[in-house]
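J.: Build me a model:
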Amino acid sequence: MQGVPTTRAATLVTSDTRVERDPFYTGHPVQERASVVCRLAPTFLRFGSFEIFKSKEESNTERAGPSAAYPLLLPQLLDWTTFHHYKGIWRGAGGGDTLAAEPQDKRGMYVAVFEEVVRRTATLVAAWQSVGFCHGASVVMIIINRLSGTHVWHCGG
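T.: As a prediction, the model looks like this:
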């Protein structure tokens, strides 16, 4: 798949342990062998890293994220992510050379990061679709490593 960015699989381990999975999302789960893929990427930052802060009210499942009780950590994670992976946006918002030198326009900075993630996500999904590779499971897996600001993604079936 040349031209479509992805992470690299380092190992694949399959066990005789059976797990329940609904591979076609039809409500008809099956028992499959458990497997784990170890992938290499510059970071493990992903959409879920931010979703863990959602409250019960913000959730479609009416379940709070595991870190919902710590909402003050979310801006710290956003700042860290922007500083380390979106330097241009950090500096454009008035941020300095350290995390302590915070930008003056944090709201604008967060919006700019969100817009960039949306743009890159749409570009990546389109690239995978152009080679006929994105189906339900792939789109779910595509979120891994996107927020790092690199062009490395995990998209697999």
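
J.: hey, where'd the strands end up in the chain?
T.: Counting by DSSP state E, one finds strands in the chain at the ranges 8-21, 30-40.

J.: quick one, which of those is packed in tightest?
T.: Comparing these by mean neighbour count (mean count of other Cβ atoms under 10 Å), strand 30-40 ranks first with a mean of 12. C-beta: built from backbone N, CA, C; applies to glycine.

J.: Quick check: neighbours of it in the sheet, parallel or antiparallel?
T.: Paired strands of strand 30-40, with direction, are strand 8-21 (antiparallel) (DSSP bridges).

J.: Centre of the chain to the strand it pairs with, how far?
T.: Centroid separation between strand 8-21 and its chain, computed with Cα atoms, centre = their mean, to the nearest Å, is 21 Å.

J.: Now tell me what touches it from outside.
T.: 29-40, 156 (Cβ atoms under 8 Å, 6 or more residues apart in numbering).

J.: go on, stretch 91-101?
T.: D79, W80, T82, F83, E102, P103, Q104, D105, K106, G108, M109, A112.

J.: Would you mind measuring the gap between the ends of it?
T.: Start and end residues of stretch 91-101 are separated by 10 Å (Cα to Cα, to the nearest Å).

J.: got the buried residues for it?
T.: Using 16 or more other Cβ atoms under 10 Å as the test for burial, stretch 91-101 gives A93, G95.

J.: How many residues are close by E51?
T.: For E51, the tally of surrounding residues (other Cβ atoms under 10 Å) stands at 14.

J.: What sits closest to it if chain neighbours are left out?
T.: Nearest non-adjacent residue to E51, counting by Cβ to Cβ, 6 or more residues apart in numbering: G65, 5.8 Å away.

J.: just to revisit the earlier point, give the buried subset of the contacts of stretch 91-101 as a PyMOL selection command.
T.: Per 16+ other Cβ under 10 Å, the buried members of these correspond to this PyMOL selection:
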select buried, resi 79+82+83+102+103+106+109+112
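
J.: Need the contacts of stretch 91-101 in CSV (columns: pLDDT).
T.: What follows is the contacts of stretch 91-101, written out as CSV (pLDDT from 0 to 100):
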residue, pLDDT
D79, 95
W80, 94
T82, 94
F83, 95
E102, 92
P103, 94
Q104, 94
D105, 94
K106, 94
G108, 95
M109, 95
A112, 94
